[in-house]
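Enquirer: Sequence and predicted structure are below.
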2 protein chains.
Amino acid sequence: MTKPTPQSAPPVVTRVSDATLRGFVGYHMKRAFNVIQADLAATLKPYGLRMVTYSALVLIVDNPGLRQSQLADAMDVERPNLVVIIDELERRELILREKVPTDRRAYALVPTLAGRQLCARAVAAVKGHEARLLRGLNAPDIARVLAVLKQIETTGSEE
Amino acid sequence: MTKPTPQSAPPVVTRVSDATLRGFVGYHMKRAFNVIQADLAATLKPYGLRMVTYSALVLIVDNPGLRQSQLADAMDVERPNLVVIIDELERRELILREKVPTDRRAYALVPTLAGRQLCARAVAAVKGHEARLLRGLNAPDIARVLAVLKQIETTGSEE
DNA sequence: TATTGTTATACTCTATAACTATA
DNA sequence: TATAGTTATAGAGTATAACAATA
């Protein structure tokens, strides 16, 4: 027999339970991702980069000459929103917008030397950030997590 | 010997490579979470709930009588932002703000019958949503993912 | 006609300062 | 003096419509 709790006046809550939400993978994902996002932002701050500008810079360094529309596709960002991101990287002279001779509507995005150097340093810093957050976890576990995340990513578009 | 590529004019990019970013767990997390978020939003739409209002409702149902500040803490939301969330749930008569006799500054949040019923239906729908996104994955793999996510969540605050 | 990059705009989410009424 | 809830506001992030130049 448990002590009956009055229905009209709920007892004072001393410890908030999130047991129901803990039953969902998405809830754990959101909380873990919040931590990653905050730590990543702090990691990139010394380089003057945000998550989006970092992603854009890495993709431009890895794919020199790609068009803005290709980058927008790869980043899952709308074209109008990419413009300001590219503006920012260009203003800092980390990348260049080069006119494409064969299609005068388009710009080819290429990294400058400074862009490639900053990119290398930022990537190294992010590696350190992940090593910190994932320390104590073994490689097989992480590999399994990546497999699950990849499956979620692709299952979403199947439906 | 690989064919040398001219440095001055980068070749046209046919397929954008995100190989560098794929080396990071956070990148996979973001992409997977985007998929989850979009599917969850669609799942909750028929119930007139968004991710935040859903989380708030579940926590109020599971912790009847909790204060707004407690809920804000649990949800990692600033108090000002919680106000409009609570307003929305109260306007739809899913929850009530009850004056606390012992502390007249505070409100105890309690679910109405309609709130508990909608919560139960929404939770069931979200279970279906997760089953869809995670189909084909076995329980041990998911358990390992949860362990990793929990570790990331707690490691973030250690530093 | 369709596409590339752009502008303007709006809507959501989130963060901070300051207020009120209590404690 | 500190706390609970609120208001106002500003900053990100994101989405859509419409335009000029070009294909």
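Expert: The structure has been received and is ready for your questions.
Enquirer: Enumerate the residues of chain A near DNA strand C.
Expert: Taking C-beta under 7 Å from any atom of the strand, the part of chain A that reaches DNA strand C is made up of A:Arg67, A:Gln68, A:Ser69, A:Arg79, A:Pro80, A:Val83, A:Ile86, A:Arg97, A:Asp103, A:Arg105, A:Ala106, A:Tyr107. To be clear about C-beta, it is placed using only N, CA and C from the backbone, and glycine gets the same treatment.
Enquirer: A:Gln68 is in contact with the fourth one, correct?
Expert: Which is A:Arg79. Yes - between A:Arg79 and A:Gln68 there is a contact under C-beta atoms under 8 Å: 6.8 Å.
Enquirer: related to what we said a few turns ago, for ChimeraX, what selects the buried ones among the residues of chain A next to DNA strand C?
Expert: Those of the residues of chain A next to DNA strand C that count as buried under 16 or more other C-beta atoms under 10 Å in any protein chain shown are selected in ChimeraX with:
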select /A:67,68,86,107
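Enquirer: Now tabulate the residues of chain A next to DNA strand C in TSV and tack on secondary structure, distance to A:Leu146 and pLDDT.
Expert: TSV is the format used below for the residues of chain A next to DNA strand C (DSSP: H, G, I helix; E, B strand; the rest coil; distance: C-beta to C-beta, whole Å; pLDDT from 0 to 100):
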residue	secondary structure	distance to A:Leu146	pLDDT
A:Arg67	strand	29	97
A:Gln68	helix	29	97
A:Ser69	helix	29	97
A:Arg79	helix	30	98
A:Pro80	helix	32	98
A:Val83	helix	32	98
A:Ile86	helix	30	98
A:Arg97	strand	34	97
A:Asp103	coil	37	96
A:Arg105	coil	38	97
A:Ala106	coil	34	97
A:Tyr107	strand	34	96
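Enquirer: same for chain B: which of the residues of chain A next to DNA strand C are within range?
Expert: Taking C-beta under 8 Å from any C-beta of the partner chain as the test, chain B is in contact with A:Arg67 out of the residues of chain A next to DNA strand C.
Enquirer: how about the residues of chain A next to DNA strand C, which pair is most distant?
Expert: A:Pro80 and A:Asp103 (19.9 Å; C-beta to C-beta).
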